[in-house]
Every structure is written in C-alpha cells, then in structure tokens.
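S.K.: no sequence for this one, just the structure:
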C-alpha cells in the first residue's frame, strides 16, 4: 500500500510533501517514514496517510474572469492621477 | 558494575549490530532495509558508549575493546554471534527474543548506583523503544508463519548461552579485524 | 499538446507532473533513465557493503553503514518514481537480476582494499554528484524533487570519503600505497563514468531536458574539481596526457569507449557475480514479500 509522507522541517514551518513509500499498513509505514525522513533528525514532525485517502483537485474554473477579489482587479493609477490634479497636489511628492 | 559485566552487554550489542548490519543492502525490501540498518547502527552506537565506560576502568579505548581482543575474549551470547543472513525468519526471531530480554537488562541498569551507567542506560532505553516496536511489528506479522515459529523455538535456548561459539565468532572476528590488522597500530 | 509543443515546453524550462500528458517516447525514456539510476544505487551497495563488515574503527563502521543505508534509501525513492510512471518495482528488479537492465559502469568493478572504500566515496561519488546536480532541473518534476534529497544526503558521503583518504595519506607508507593503488585502478572507470562524449543535441536525454548537461561537460567538471584535489595529496593519475589547457579545457587520453559498452551491457569483471548475489538474496526473501506486502491489512 502506498503511503504519502509529509514533513515539517522545524516548528513554524508548514508540513510539506516529502515522498511516498510502500508498506503493508500504517504501523509499518510509520516505522519506515521515521527512518526514511527522520533518521538524521532532519524533520521536526511527519504526517503519513494512505495515498487512497488523499483527494486531488486540479481543475479550477473562472470562465467570466472574476477579478473583483484579486489585486489585478484594481488598477488605480489613472484615478489617483486625476484625484491629485483635482486637489492640486499633483506636483507634491 | 565491573568493566567485565559492562563488556558482556557491550559485546552483545556490538556483535548483534555487526550481524544485523550484514542485511544492509540485501534486506527483503527497500523500506525495511533502511529501517533495519538504523537498528544495526544504533546497536553499534550503544556498544561504543558502553565500551567507553569500560575503557576508562581498563585504561584502553572503545576501538581497542571492539577490535583488539582475541575471539575467545568476547563475552557475547551464542545467539548474537550466529550468522543468519539470508534467513529473515531467524533474523526476526533473534531480534524479537533479544529485544525482549535486553529491555529487562537495560531497565535494571537504570537504577544502578553509578550515575554514568544509569544515565547511559536511560538513553539506550529510549532508543531501544523503537527497536522493540519494530520487533513487535514483525512478530505480529509473522506469528502464523511456520518457519518463524520454528525459528523462535530453535533460538530461544541460545539467549542464555554465554559462551559464544568460537565456530561462529572466529570467522566474524577474522573479517571484522582484517583491515585493522593489515597495518597494526595505524590510524584509519 | 503535440509532441513538438511538448518538446518546446520542456526546452524552455517547463516541468511536468505524474498525471500530465506526455509523449510516449518521453515517458519510456524517463522510465529507462530513472530505472537505471535506481539499479545503480542498488548495485552500488554490493561492492561497498563488503567493507561495512571490515571497517577498522567503530566510527568508520557507522559512517559506511550509514552511507550504504542512504544509497538503499535513494533506490527506494527512485523506484517509487518509476513505479508511479507505470513500471512496478518488482518488474524493475526482475529485469535487473535477469541482466535485462543496465546500471552504471563503476559498479561492475571489484573493490580490493580499504583504499577503494575511500576512493569510491571521494571520487566515484563526486562524479555521481555532478550528474545528480544536473538532474535537479529535470523536466520530470517528481524526479527533480527526489534529486534534492539525494544530493543533500550525498554531501556527507564525499566528506566521509575524503576523511578516509586523508587519514590514510597522513598515515603509513602502506596506507598511502593502498590509496595510490586504488586511484590507479579506478581511473579508467571514472573517466568512463559520464559516458561517451555524444554532443548534447544528439543526446535524447538532453533534448527532452531529462538531463540538463552533456556528458563531456560533466566530465570536464569532474576533472576540474577533483584532479587538483588528487594531485595536491601527491597522488598520481595514470594518464600522462592529463592536463588543463590554457583554454580551461582538460586534455586526456581518449578512453576506450568499447570497453565501457562491454561493461554496461553486462560484461564487467563483477557483473555476473553481483547480479547472482542480488538474485539469490531476492529469492531467499521472496516469502517475506509475499507474506508482508501482497496482502495489506489494517494495523
């Protein structure tokens, strides 16, 4: 059974995918992950999960270009220039 | 605790670690190969730390204790001296039997009056926890296998046979010391 | 995406993941290349593990065991990548022991003394690291990612090798002779290691950006980095033509490429014996895999 291994390098870091291994069950997988990803003390912590327990999502739709909740939806340069000219502060920087 | 008594435990760990290291690279599958090699390395590390304590009393060094005695001066059990590769059933049987017995021995040492011995025993015990987990893991998996059950029966009596058979130990000693003896006194 | 578009994609630095579409030619090349790497790690273990049992101090024993353990660990990572590409590990191992698959030339040669232990860890691993660093940018991302862990772990291997060699060079005449004799013997396999000087644009591995470096470039990097290290210890390299030109390019006696071909197609001095050892231990432990791996049950 394939298990995926995630490791936290040190406190403050997120868990990141580290690799996978083949083991008959979670007890074996734990022993193997411990050695393959921790024998040098290189990980603060590990997560293991059967590959079958993980669900991947890799399709995302935005057919109508919804930019109102992204930074690129707010081009302010022209508006700022106009507002400064109106306030007479265009030269002050 | 006398240096000689320390040597008994140290020699067990050294020779068992040496025998277990024989599986590095040829274990039943890769994940297990990596895990079992760590156990072998830990055992050699325990031996080294125990030799260091004995060496102080005996006025020598861990390497000299590990390599420069004659085969009949080692105080390990018959069980650890056996060459078991490529028999995984007997290897795990020995692993299970040894870890179970060693746990009792190390636990007793933790209350030794000599603080250094007690302290080292505590450290060794913390590492041995994982060895025991590993041994139990395999024991559970193999307990219905006839060849494993047979191996347990065959090997259990050897635990307490202190005089390591010279037949098993001599060839191991030859190989273990061949480079070291090739240029006596050299630094490697 | 067409094959041509895919080629352009990887040549401009694009990477692919396991579930991405890829041309069949690319996928087959990947499997062959990556499997050969896995085979090499696994076969490389065999010459070295003999010396685990003969290590002359406890520290060297631990270091060498840990080094070989790393190599087994690398094999595990590598075969997992091959398996996710569609070829199960057991099939790769079947092909290996049957002599149907290749592994790097250096692992077909004997190790004769403790001098070999130092020289292999210092120079053979150095040659390997140069190739491995070039794989960090592999167009196949899962492989590039494991290369990161592999390169990181290999860093101690070279230091261990250098430490073993330096200790011997500072030791007795006999020890120095062991090192020199090993360097002399390993020179030809080292010169063969990076492969014949096929121009990168004729090398499919480079075209698909599986490798990001041509063979000759790798070899030059090796010579530039390590010949000075060899010479500064007073050791000799058995090639009178070896010298660095004013243009920075190392000149050397052209290796016998036919010998390399013979070795990697299974006719090296130790090929048969080592494959037989793998076959034998695999057979002896087949029951373990049957009991433990084939029927996964809940813990």
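M.R.: Noted; the coordinates are in hand. Everything numeric here is computed off the predicted structure, so don't read it as measured data.
S.K.: can we go C-alpha only for contacts and neighbour counts from here?
M.R.: Noted.
S.K.: Might you name the residue of the stretch 151-299 of chain C sitting closest to chain B?
M.R.: Residue nearest to chain B within the stretch 151-299 of chain C: residue C:285 (5.2 Å; CA to the nearest CA).
S.K.: next one: phi and psi at that residue?
M.R.: phi -110, psi 10 (degrees, to the nearest 10).
S.K.: pretty sure it contacts residue B:86?
M.R.: Yes. In terms of CA atoms under 8 Å, residue C:285 counts as a neighbour of residue B:86; the distance is 7.3 Å.
S.K.: returning to what we had before: report the spatially closest residue to the residue of the stretch 151-299 of chain C closest to chain B, excluding sequence-adjacent ones.
M.R.: residue B:28 (5.2 Å; CA to CA, 6 or more residues apart in numbering or on different chains).
S.K.: The residue of chain A found nearest chain C: which element?
M.R.: Distances between chain A and chain C by CA to the nearest CA are smallest at residue A:24, namely 4.5 Å. Under DSSP states H and E, no helix or strand contains residue A:24.
S.K.: That one is in contact with residue C:292, isn't it?
M.R.: Yes. Using CA under 8 Å, residue A:24 is in contact with residue C:292, at 6.1 Å.
S.K.: Between the two, point out the one with more neighbours.
M.R.: residue A:24 (21 against 18; other CA atoms under 10 Å in any protein chain shown).
S.K.: pLDDT score for the more buried one?
M.R.: On pLDDT, residue A:24 comes in at 94.
S.K.: Give me the phi and psi for it.
M.R.: phi -70, psi -30.
S.K.: Check residue A:21 too.
M.R.: According to degrees, to the nearest 10, residue A:21 has phi -150, psi 160.
S.K.: Which positions in chain B make contact with chain C?
M.R.: Applying CA under 8 Å from any CA of the partner chain, we find that chain B lies next to chain C at B:18, B:21-22, B:24-31, B:33-34, B:37-38, B:41, B:44-45, B:48, B:63, B:66-67, B:86-88, B:141-142, B:175-180, B:183, B:186-188.
S.K.: now chain A
M.R.: A:1, A:19-21, A:23-27, A:36.
S.K.: Going by neighbour count, which of those are buried?
M.R.: Using 16 or more other CA atoms under 10 Å in any protein chain shown as the burial test, those include A:1, A:19-21, A:23-26, A:36 as buried.
S.K.: Same list (the residues of chain A next to chain C) but as a markdown table, adding distance to residue B:113.
M.R.: As requested, the residues of chain A next to chain C are exported to a markdown table (distance: CA to CA, whole Å):
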| residue | distance to residue B:113 |
| --- | --- |
| A:1 | 48 |
| A:19 | 46 |
| A:20 | 46 |
| A:21 | 45 |
| A:23 | 43 |
| A:24 | 44 |
| A:25 | 43 |
| A:26 | 41 |
| A:27 | 37 |
| A:36 | 38 |
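S.K.: What about chain B: which of these touch it?
M.R.: Among the residues of chain A next to chain C, chain B is touched by A:21, A:23, A:27, A:36 when using CA under 8 Å from any CA.
S.K.: Residue A:60 belongs to a helix?
M.R.: No. Counting by DSSP: H, G, I helix; E, B strand; the rest coil, residue A:60 is not found in a helix; it is coil.
S.K.: Do you know the pLDDT at it?
M.R.: Per the predicted model, pLDDT is 92 at residue A:60.
S.K.: Now look at stretch C:180-187 and say if it contacts chain B.
M.R.: No. Figure legend: stretch C:180-187 not in contact with chain B (CA under 8 Å from any CA); closest approach 15.0 Å.
S.K.: any idea of the mean pLDDT in that stretch?
M.R.: Mean predicted confidence for stretch C:180-187 is 98.
S.K.: what about the strands in chain A?
M.R.: Under the criterion DSSP state E, strands of chain A are mapped to A:2-8, A:16-22, A:45-50.
S.K.: for the longest helix along chain A, packing partners?
M.R.: Longest helix of chain A, by residue count under DSSP state H: helix A:26-38. Judged by 3 or more CA pairs under 8 Å, 6 or more residues apart in numbering or on different chains; DSSP states H and E, helix A:26-38 is in contact with strand A:2-8, strand A:16-22, strand A:45-50, helix B:30-58, helix B:115-142.
S.K.: Give me the mean pLDDT for whichever helix or strand comes after the longest one.
M.R.: What that stands for is helix B:30-58. Following helix B:30-58 in sequence order, the next helix or strand is helix B:62-67 (DSSP H and E). What helix B:62-67 shows for mean pLDDT is 97.
S.K.: phi, psi of residue C:256?
M.R.: According to degrees, to the nearest 10, residue C:256 has phi -80, psi 100.
S.K.: how near is it to residue C:189?
M.R.: 10 Å (CA to CA, to the nearest Å).
S.K.: Compare the two and say which one has the larger neighbour count.
M.R.: residue C:189 (20 against 12).
S.K.: What residue, apart from its backbone neighbours, is nearest the more buried one spatially?
M.R.: residue C:106 (5.6 Å).
S.K.: isn't the one you found right up against residue C:194?
M.R.: No. Checked against CA under 8 Å, the pair residue C:106 and residue C:194 is beyond contact range at 10.4 Å.
S.K.: thinking again about what came up before, next, the angle strand A:45-50 makes with the longest helix of chain A.
M.R.: 140 degrees (axes from the mean of the first three to the mean of the last three CA atoms, to 10 degrees).
S.K.: Tell me how many other residues surround the residue lying closest to residue B:160 once chain neighbours are set aside.
M.R.: Of all residues not flanking residue B:160 in the chain, residue B:77 sits nearest, at 6.7 Å (CA to CA, 6+ apart). Residue B:77 has 22 neighbouring residues, counting by other CA under 10 Å.
S.K.: give me phi/psi at residue B:77?
M.R.: Dihedral angles (degrees, to the nearest 10) for residue B:77: phi -80, psi 160.
S.K.: Go ahead and confirm it touches residue B:162.
M.R.: Yes. Counting by CA under 8 Å, residue B:77 touches residue B:162, with 4.3 Å between them.
S.K.: Which residues of the stretch 51-200 of chain C lie near chain B?
M.R.: C:52-58, C:62, C:65-66, C:68-70, C:72-73, C:75-76, C:114, C:164, C:167-168, C:171-172, C:174-175.
S.K.: redo that, cut-off 7 Å
M.R.: Counting by CA under 7 Å from any CA of the partner chain, the stretch 51-200 of chain C comes close to chain B at C:53-58, C:62, C:69, C:72-73, C:76, C:114, C:164, C:167-168, C:171.
S.K.: If you rank the residues you listed by neighbours, which is first?
M.R.: Busiest of those [other CA under 10 Å] is residue C:72, holding 29 neighbours.
S.K.: tell me which element that one falls in.
M.R.: helix C:58-84.
S.K.: Would you mind listing where the chain has pLDDT under the threshold?
M.R.: As the question left the chain open, I've gone with chain A. Applying pLDDT under 70 to chain A picks out residues A:92-93.
S.K.: sorry, should have said chain C
M.R.: In chain C (pLDDT under 70), the answer is C:294-299.
S.K.: Just to check, the residue nearest to residue B:160 is in contact with residue B:157?
M.R.: No. Using CA atoms under 7 Å, residue B:77 makes no contact with residue B:157, being 10.7 Å away.
S.K.: Around residue B:121, count how many other residues there are.
M.R.: The number of residues near residue B:121, taken as other CA under 10 Å, comes to 22.
S.K.: Burial check on residue C:10, number of neighbours?
M.R.: There are 18 residues near residue C:10, going by other CA under 10 Å.
S.K.: Which secondary structure element is home to it?
M.R.: Using DSSP H and E, the element containing residue C:10 is helix C:3-11.
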